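Visitor: coordinates only, sequence not included:
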């Protein structure tokens, strides 16, 4: 996956790439998604992260179950999957969702 991303985004910061691919693969493991994110969604998401200058730290948390990736809607193309993902995080006690 790293090689594919580097073809599309030469010179991408390695810490951002590592954090983004980790979030991407964790999201792919969420049970019940109708359409798991593909490489295309990862590339779209990275493009947005770079355009918004989102730092790699924003993709990390000490408890990966407690973080909603910024711009996660780009990874989940199906509205039902976005709702499922957010609901699962809320049920797991994600503080950032409760503040909305």
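Guide: Good, I have the coordinates. The structure presented is a predicted model; accordingly, all values stated were derived computationally and were not measured.

Visitor: can you pull out the helices in this protein?
Guide: For the chain, the helices defined by DSSP state H occupy 2-8, 14-28, 39-51, 79-91, 95-98.

Visitor: if you average pLDDT over the last one, what comes out?
Guide: In this model, helix 95-98 has an average pLDDT of 41.

Visitor: picking that back up, adding distance to residue 57 and mean neighbour count, write the helices of the chain out as TSV.
Guide: For the C-beta atoms, the positions are set from N, CA and C on the backbone; glycine is no exception. Below are the helices of the chain laid out as TSV (distance: least, C-beta to C-beta, whole Å; neighbours: other C-beta atoms under 10 Å):
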stretch	distance to residue 57	mean neighbour count
helix 2-8	19	12
helix 14-28	8	17
helix 39-51	12	17
helix 79-91	19	15
helix 95-98	15	12
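
Visitor: Looking at the ones you listed, spot the one closest to residue 60.
Guide: helix 14-28 (5.5 Å; C-beta to C-beta).

Visitor: Residues touching that closest one, excluding its own?
Guide: With contacts defined as C-beta atoms under 8 Å, 6 or more residues apart in numbering, helix 14-28 is touched by 1-2, 5-6, 36-37, 42, 45-46, 49-50, 54-57, 59-60, 64, 67, 69, 72, 75-76, 85.

Visitor: redo that, cut-off 10 Å
Guide: The contact list for helix 14-28, computed with C-beta atoms under 10 Å, 6 or more residues apart in numbering, reads 1-2, 5-6, 9, 12-13, 33, 36-39, 41-42, 45-46, 49-50, 54-61, 64-65, 67-70, 72, 75-76, 81, 85.

Visitor: Off-centre distance for that helix?
Guide: Remark: helix 14-28 is offset 7 Å from the chain centroid, using C-alpha atoms, centre = their mean, to the nearest Å.

Visitor: tell me the angle it makes with helix 79-91.
Guide: 100 degrees (axes from the mean of the first three to the mean of the last three C-alpha atoms, to 10 degrees).

Visitor: Let me know the angle separating helix 14-28 from helix 39-51.
Guide: If you take the same axes, to 10 degrees, helix 14-28 sits at 140 degrees to helix 39-51.
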